[in-house]
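Q: based on what follows, work out the 3D shape:
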Amino acid sequence: MSFFDYLPCFILNHSPKIIASFEMDFLRNLPAFQKAVPRGEKFTMFLQLGWSAELPEVANELKNRLGEAKNAFPEARFIILANAPGEVAVIKEFCEVYLASHNAFLDPARYPLAPKGKRKFDALYIARLTPFKRHYLAEKIKKLHLIGNYAEREKEYFSQTIAKFPNARWSRKVPSFFIGRKIGESACGLALSAIEGAMFSCGEYTLCGVPVVNTRNQGGRDTLLPEFAVRYADDTPESVAENVEYWVQNPMDPAEIRNGFMQLANPQKELVQELINSIAGKAVHLPHKLNIRCRLLPHTKLLHGIRRIK
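A: This next block holds a predicted model:
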């Protein structure tokens, strides 16, 4: 229904207006936002990063598109929340920016602690079936659970990739409120891409108290990973499997991992909370993931969304 066709953002506070969105969700839909938000209206826009802004081409596009946005909304204040310290160094040259990983805004209440003891799977990888996620690096893992959908345009890639995992379990989708239980069934979580954003599933693994097998990467997922709960693998299936086996043989206390994540995440979330409260002049509730990439119910859109104007 066109009445429920809303722009990709979430209004955190109505007066004064404070909006949150992923950077390119907003910037690549700028004409639609111009139609829906009156020119000259004052608002504060918090933009989270969905891809590594340390890459020159990404930073340049962000800078150019943000310049267009500032011209379109001269009364607005734009604030970028970076996932990595390196991004802050780049972005501060052209925009107000703070280090606040999007994983810091995960709601801990949604993620139960994994049970102690032997797990059903050696490793879990929550990742869309797409080339940059590099699933092939998990081919040597004995007991593997894959969770992730695929785009219709990448159906052939999906078929070729999943055929390499005849003994793995693949779940196309898991409802968000049950994902924590599935994480708790594995000895560790995988993070195998070379470049992306902060990777929500990395925060989800550690909030459930599950350690991570990671590869060297850009995008900021390392920012909130406790050092004692992550092992870095080389970009080979053998190295990934070897590090997975380490966690199978050397389990950690899930509560220790969760607490390690919270100690890193809480100061970043509190910084943003204080900033938003100061702008609003009151305490503002920060929802799970700031609600900008979650499936919103119609009444939530009505209360916190910006309806698209045709």
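Q: what about this structure, any weak spots by pLDDT?
A: 1-3, 293-296 (pLDDT under 70).
Q: mind listing what the residue located most distally from the centre of the chain touches?
A: Most distant residue from the mean C-alpha position of the chain: Gly40, 31.6 Å away (Cα atoms, centre = their mean). Contacts for Gly40 (Cβ atoms under 8 Å, 6 or more residues apart in numbering) come out as Pro74, Glu75. Using the backbone N, CA and C atoms, a C-beta is placed for each residue, glycine as well.
Q: helix or strand for Asp25, which one?
A: Element membership of Asp25 [criterion: DSSP states H and E] is helix 23-27.
Q: please apply the same query to Val97.
A: Going by DSSP H and E, Val97 is part of strand 96-99.
Q: can I get the following helix or strand past that strand as PDB, trimmed to CA atoms?
A: Sequence-wise, the next helix or strand downstream of strand 96-99 (DSSP H and E) is strand 123-126. Extracted C-alpha coordinates of strand 123-126, given in PDB (Å, rounded to 0.1, in the frame of the first residue of the first chain):
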ATOM      1  CA  ALA A 123      31.000 -22.800  13.600                       C
ATOM      2  CA  LEU A 124      28.200 -20.500  12.400                       C
ATOM      3  CA  TYR A 125      28.300 -18.000   9.600                       C
ATOM      4  CA  ILE A 126      25.500 -15.400   9.400                       C
END
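Q: contacts for strand 123-126, please.
A: 133, 135, 138, 141, 143-148, 179, 182-183, 185-190, 192, 201, 204-205, 210, 213, 244, 247.
Q: Ala76 versus the residue farthest from the centre of the chain, what's the distance?
A: 10 Å (Cβ to Cβ, to the nearest Å).
Q: show me what contacts Ile80?
A: Glu23, Phe46, Leu47, Gln48, Leu49, Leu62, Ile91, Cys95, Glu96, Val97, Tyr98.
Q: any idea what the nearest residue to Ile279 once chain neighbours are set aside is bridged to?
A: In space, and not counting its chain neighbours, Ile279 is closest to Thr44: 5.5 Å by Cβ to Cβ, 6 or more residues apart in numbering. Per DSSP bridges, the residues bridged to Thr44 are Ile18, Arg77.
Q: now the element after the helix ranked longest in the chain, going C-ward?
A: Ranked by residue count and defined by DSSP state H, the top helix of the chain is helix 254-280. Of the helices and strands lying after helix 254-280 in sequence (DSSP H and E), the nearest is helix 298-304.
Q: and that next one, how far out from the chain middle?
A: How far helix 298-304 lies from its chain's middle: 22 Å, per Cα atoms, centre = their mean, to the nearest Å.
Q: start the count at 39 instead of 1 going forward.
A: Will do, 39 is the new start, and the previous item becomes helix 336-342.
Q: using CSV, list the CA coordinates for that helix.
A: Only the C-alpha atoms of helix 336-342 are listed here, as CSV (Å, rounded to 0.1, in the frame of the first residue of the first chain):
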residue,chain,number,x,y,z
PRO,A,336,2.9,-0.2,10.2
HIS,A,337,2.1,1.7,13.4
THR,A,338,5.9,2.1,14.1
LYS,A,339,6.3,3.6,10.6
LEU,A,340,3.4,5.9,11.3
LEU,A,341,5.0,7.1,14.5
HIS,A,342,8.6,7.2,13.5
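Q: who touches that helix?
A: Phe42, Tyr44, Phe48, Ile49, Leu50, Asn329, Leu334, Arg345.
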